[in-house]
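Colleague: Task: produce atomic coordinates for the following.
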Amino acid sequence: MPRILPPTEPSVARAAERLRVGAVVAFPTETVYGLGAGTFNTVALGLVYELKGRPANNPLIAHVLDGPHARTLVTTWDQRCDALANRFWPGPLTLV
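Modeller: Okay, the predicted model is just below:
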């Protein structure tokens with residue numbers, strides 16, 4: 001079992017590199033540790049589902065930096081999304 005590093009600059013860089021090569025990483029959230037993979041890496045995402053025992057019809061969350069990054073993940077994005085992203089990101093905002 002790999003050891004889980006605290007979120008320091010070197011550990012974040014290491015996690016980013018592992019994501020780039022298709023690995024799954026663990027990261028702390030406010031309440032639990034999460035598992036993450038590259039958003040467009042279907043093999044790594046499948047591993048997240050497998051590791052979590054998550055049903056295939058239960059979608060994962062995509063964490064993004066800002067509105068421009070979020071727009072790369074969706075087919076529609078309107079002015080309301082821009083307004084919310086500009087007002088609340090970075091911060092606790094979920095767009096569905």
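Colleague: these two touch, right, L84 and G91?
Modeller: No: if you go by C-beta atoms under 8 Å, L84 and G91 don't touch, sitting 10.4 Å apart. In short, each C-beta sits where N, CA and C put it, glycine included.
Colleague: Which one's more surrounded, those two?
Modeller: More crowded of L84 and G91, by other C-beta atoms under 10 Å: L84, with 14 against 7.
Colleague: Strand partners (parallel or antiparallel) of the helix or strand containing L35?
Modeller: Using DSSP states H and E, L35 sits within strand 33-36. The sheet places strand 33-36 alongside strand 25-28 (antiparallel), with pairing taken from DSSP bridges.
Colleague: What average pLDDT does the partner strand get?
Modeller: Strand 25-28 comes out with an average pLDDT of 86.
Colleague: now swap in stretch 50-64 and tell me
Modeller: Mean pLDDT, stretch 50-64: 91.
Colleague: List the buried residues in the helix or strand of the chain with the lowest mean pLDDT.
Modeller: None of the helices or strands of the chain scores lower by mean pLDDT, DSSP states H and E than strand 25-28, at a mean of 86. For strand 25-28, a neighbour-count test (16 or more other C-beta atoms under 10 Å) marks V25 as buried.
Colleague: list the helices and strands the helix or strand harbouring E50 packs on?
Modeller: Taking DSSP H and E as the definition, one finds E50 inside helix 42-52. Counting contacts by 3 or more C-beta pairs under 8 Å, 6 or more residues apart in numbering; DSSP states H and E, helix 42-52 packs against strand 33-36.
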